[in-house]
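**Q** Task: produce atomic coordinates for the following.
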Amino acid sequence: MDAPPAKRQYEKGYRDQRYNGPREELEKKLNDSCTLYVGNLSFYTSEEQIHTLFAMAGSVKRVVMGLDKMKRTPCGFCFVEYYTRDDATNAMRYVNGSKLDERIIRTDWDAGFVEGRQYGRGRSGGQVRDEYRKDYDEGRGGFGKLIEKEQRQMNRYMHAAAMQLGP
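**A** Numbers count the residues shown, from 1 in each chain. Okay, the predicted model is just below:
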């Protein structure tokens with residue numbers, strides 16, 4: 001009888017879809033990683049707030065804020081790197097699901113920060129999820145980018161129609 005497959009130490013969730021390498025290599029990096037991806041942050045959450053919260057779980061090596069690639073402003077995610085796997089595991093266990101700036105944040109294992117990954121991948125520069133969001137979320141900049149675009153188009157249409165009607 002075959003032995004059961006080795007249990008994965010990382011949680012299913014966020015994965016860097018642009019990871020260039022075999023899945024087995026990614027899984028090994030995730031199992032050995034001291035880096036967490038942190039999502040669902042408010043656009044107004046500061047690096048200092050994140051550092052303070054995550055330092056409760058252990059010694060934080062660095063925090064890398066996710067930035068809108070066009071505006072270079074925070075766009076709702078970051079990477080937190082710890083010195084040890086145990087400290088990162090404590091953060092996964094105790095910080096994941098906590099509230100920061102009135103938002104429930106989520107943490108997932110990350111294979112390790114690589115320069116360039118701090119920028120949002122959406123067409124407008126932020127996160128892809130904020131492109132398609134249809135609800136109003138003050139902590140993430142208001143309406144999603146597609147809704148904002150539709151509203152601008154409707155305003156232009158209404159303005160043009162009013163100009164044709166005259167006073």
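
**Q** how near is Phe113 to Thr45?
**A** 18 Å (Cβ to Cβ, to the nearest Å). Glycine gets a C-beta too; all of them are placed from N, C-alpha and C.

**Q** So for these two, which sits in the more crowded spot?
**A** The residue with more neighbours, out of Phe113 and Thr45, is Thr45; 21 against 18, by other Cβ atoms under 10 Å.

**Q** Strands along the chain, start to end?
**A** Taking DSSP state E, the strands of the chain run over residues 35-39, 60-67, 74-82, 99-100, 103-104, 106-110.

**Q** who's in contact with the fourth one?
**A** Put plainly, it is strand 99-100. Here strand 99-100 makes contact (Cβ atoms under 8 Å, 6 or more residues apart in numbering) with 41-42, 45, 49-50, 53, 105.

**Q** Partner strands of that strand, with direction?
**A** Paired with strand 99-100 in the same sheet, following DSSP bridges, are strand 103-104 (antiparallel).

**Q** likewise the longest one?
**A** Strand 74-82 has its sheet partners listed here by DSSP bridges as strand 35-39 (antiparallel), strand 60-67 (antiparallel).

**Q** Just want the angle from that strand to strand 106-110.
**A** Angle, strand 74-82 to strand 106-110, by axes from the mean of the first three to the mean of the last three Cα atoms, to 10 degrees: 60 degrees.

**Q** Mind checking the strands of the chain for the one nearest to Lys28?
**A** Lys28 lies closest to strand 106-110 among those, at 11.7 Å (Cβ to Cβ).

**Q** And the buried ones among the contacts of strand 99-100, selectable in PyMOL?
**A** One line in PyMOL is enough to select the buried members of the contacts of strand 99-100, burial here meaning 16 or more other Cβ atoms under 10 Å:
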select buried, resi 41+42+45+50+53+105
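
**Q** Now for the contacts of strand 99-100: which two are most distant?
**A** Farthest pair in the contacts of strand 99-100, by Cβ to Cβ: Ser42 and Leu53, 12.6 Å.

**Q** quick revisit: will you turn the strands paired with strand 74-82 into TSV that also has distance to Gly21 and mean neighbour count?
**A** Putting those into TSV (distance: least, Cβ to Cβ, whole Å; neighbours: other Cβ atoms under 10 Å) gives the following:
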stretch	distance to Gly21	mean neighbour count
strand 35-39	16	23
strand 60-67	21	18
